[in-house]
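[1] got a structure for you, letters missing:
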């Protein structure tokens, strides 16, 4: 299983990627989705954590805008602009922080080898196939153990075909 790199190592690994790979990682984090390449998952988690740190304080730019405008505009206009800028930045921070958190969750599951949710048991569940109550308990524990086991990693690339 891959581990999360520390800050300096993350910057070095992220900078070593080409522009298209860096852009794909940032896009997936901004959209709250997992990355397409499994080995980029730790880097995506680092980018998401960095974005969460940024947006935690970015909404404070709104009051700063109001303070700067007090020099050039009447107080009513400066206050209105400060409230509007703070509200817009707060909503942006809330939305982008939630997306980054979703990206962290999905990329963590990729790193752990769980590609998707566990398979469903069907409409009626495991107890629908047996008539006695004793078999129901055995079926239920077996299917719970099967559902909690992580899925194996997806195969990479195409199989070679004989020509």
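    Ah, there it is. Please read these numbers as outputs of a predicted model, since none were measured by experiment.
[2] so where's this protein shaky on pLDDT?
    1-5, 114-148, 155, 158-163 (pLDDT under 70).
[3] max-length helix in this structure?
    Identified as the longest helix of the chain according to DSSP state H is helix 75-111.
[4] is it true that residue 101 touches residue 51?
    No. Between residue 101 and residue 51 there is no contact under Cβ atoms under 8 Å: 9.8 Å. Where C-beta positions appear, they are placed from N, C-alpha and C, glycine not excepted.
[5] circling back: and the longest helix of the chain, what does it pack against?
    Judged by 3 or more Cβ pairs under 8 Å, 6 or more residues apart in numbering; DSSP states H and E, the packing partners of helix 75-111 are helix 19-31, helix 41-58, helix 61-72.
[6] relative to residue 110, which of those is closest?
    Ranking the helices and strands packed on helix 75-111 by proximity to residue 110 (Cβ to Cβ) places helix 41-58 first, at 4.5 Å.
[7] who does the closest one touch, helix- and strand-wise?
    Short answer (3+ Cβ pairs under 8 Å, 6+ apart): helix 41-58 packs on helix 7-16, helix 19-31, helix 75-111.
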